[in-house]
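> can you look at this prediction? I've put the sequence above it.
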Amino acid sequence: MSATTTIRRIKPVLALLAVTLLAGCAPREMTGSIPDDYRTNHPIIISEKEQVADIPVGHADRKLSITQRSIVEQVIANYRANGSGMVHILLPAGSPNEHAAAGLRDDIAAVLRKGGVKPFNINSERYSAGSSDSAPIRLSYSAMTASTHPCGQWPKDLLETADNRHYANFGCASQNNLAAQIANPADLLGPRASSPIDAERRNIVIEDYRGVPSDRPHTPSAAEVDYSW
């Protein structure tokens with residue numbers, strides 16, 4: 001085999017090797033698996049919103065039942081935790097149970113006052129209920145609430161995944177459920193203040209650290225227990 005033939009066979013191999021090396025040195029475009037975040041797309045927002053609780057009223061009701069009273073007490077608990085301002089007692093007008101609802105107004109106001117709502121923060125109004133047979137009494141007040149925007153947004157086809165991003169509605173239900181489970185929305189704004197120091201417990205810990213015997217009964221450790229009977 002001549003030298004010329006050998007060189008001709010080696011050239012394609014060298015060319016392929018050169019292309020491979022250049023490809024390895026070329027800049028690569030790195031794409032993350034999930035470049036966006038559902039917490040950013042569906043943020044939990046703390047805002048003041050109107051809270052409404054309905055109290056069912058029967059035609060023959062003359063005083064609050066156990067169920068009706070429990071609804072009012074739940075409103076009081078929520079109001080004291082996150083609410084502020086006025087508590088409105090909205091009585092139905094024009095419904096068959098209008099007179100029964102009006103008779104329960106004083107009982108509801110008494111339960112509110114007993115629960116800690118100031119008398120000047122209790123207001124009574126009427127709303128048009130029409131001819132509805134089951135028009136309820138509504139308790140309305142403003143409270144700090146954690147919430148997200150409504151779910152169900154589908155602006156794009158789910159099959160359009162070339163950019164490997166979340167679809168628009170991804171994580172919305174989870175964020176709404178999390179917001180609904182938060183007992184105190186203010187916890188999302190920052191940590192709570194420290195609780196008062198337990199002086200008695202602090203003294204016990206300091207005595208243990210210093211090795212000073214205390215009046216507490218001594219509990220033997222595992223090393224001190226004798227199992228040889």
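Structure received.
> residue nearest the centroid of this structure?
Ala179 (2.2 Å; Cα atoms, centre = their mean).
> list the contacts of it.
44, 146-148 (Cβ atoms under 8 Å, 6 or more residues apart in numbering). No exception for glycine: its C-beta is placed from N, CA and C like everyone else's.
> now do the SS call for Asp61.
coil (DSSP: H, G, I helix; E, B strand; the rest coil).
> average pLDDT for stretch 63-82?
For stretch 63-82, mean pLDDT rounds to 92.
> over to stretch 180-193?
On average, stretch 180-193 scores 84.
> ok now that stretch, how far from the chain's centre?
Using Cα atoms, centre = their mean, to the nearest Å, the mean C-alpha position of stretch 180-193 is found 8 Å from that of the whole chain.
> give the buried residues for that stretch.
Neighbour-count burial for stretch 180-193, counted by 16 or more other Cβ atoms under 10 Å, picks out 182, 185.
> can you list contacts of it?
Under Cβ under 8 Å, 6+ apart, the answer for stretch 180-193 is 44, 46, 81-82, 144-146.
> and the furthest pair within those residues?
Across the contacts of stretch 180-193, the longest distance by Cβ to Cβ is 17.6 Å; it joins Ile44 and Ala81.
> need the contacts of Ala179 in CSV (columns: distance to Ala199, secondary structure and pLDDT).
Shown next, in CSV, are the contacts of Ala179 (distance: Cβ to Cβ, whole Å; DSSP: H, G, I helix; E, B strand; the rest coil; pLDDT from 0 to 100):
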residue, distance to Ala199, secondary structure, pLDDT
Ile44, 38, coil, 91
Ala146, 36, strand, 89
Ser147, 41, strand, 88
Thr148, 43, coil, 90
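> between those, which is nearest Asp61?
Ser147 (33.4 Å).
> related to what we said a few turns ago, and of the contacts of Ala179, the nearest to Gly103?
Among the contacts of Ala179, Ser147 lies closest to Gly103 (Cβ to Cβ), at 35.6 Å.
> measure how buried the closest one is and give me the count.
16 (other Cβ atoms under 10 Å).
> need the residues that contact the helix or strand harbouring Ala102.
Secondary structure from DSSP states H and E places Ala102 in helix 98-103. Helix 98-103 is contacted from outside by 57-62, 91-92, 95, 129, 135, 137, using Cβ under 8 Å, 6+ apart.
> if you set the cut-off to 6 Å instead, what comes out?
57, 59, 61, 91-92, 137 (Cβ atoms under 6 Å, 6 or more residues apart in numbering).
> among those residues, name the buried ones.
For the contacts of helix 98-103, buried by 16+ other Cβ under 10 Å: 57, 61, 91-92, 137.
> among those residues, which are in strands?
Secondary structure from DSSP state E places 91-92, 137 of these in strands.
> what about the nearest residue to Pro56 once chain neighbours are set aside, neighbour count?
Nearest non-adjacent residue to Pro56, counting by Cβ to Cβ, 6 or more residues apart in numbering: Pro136, 5.3 Å away. Pro136 sits with 21 neighbouring residues when counted by other Cβ under 10 Å.
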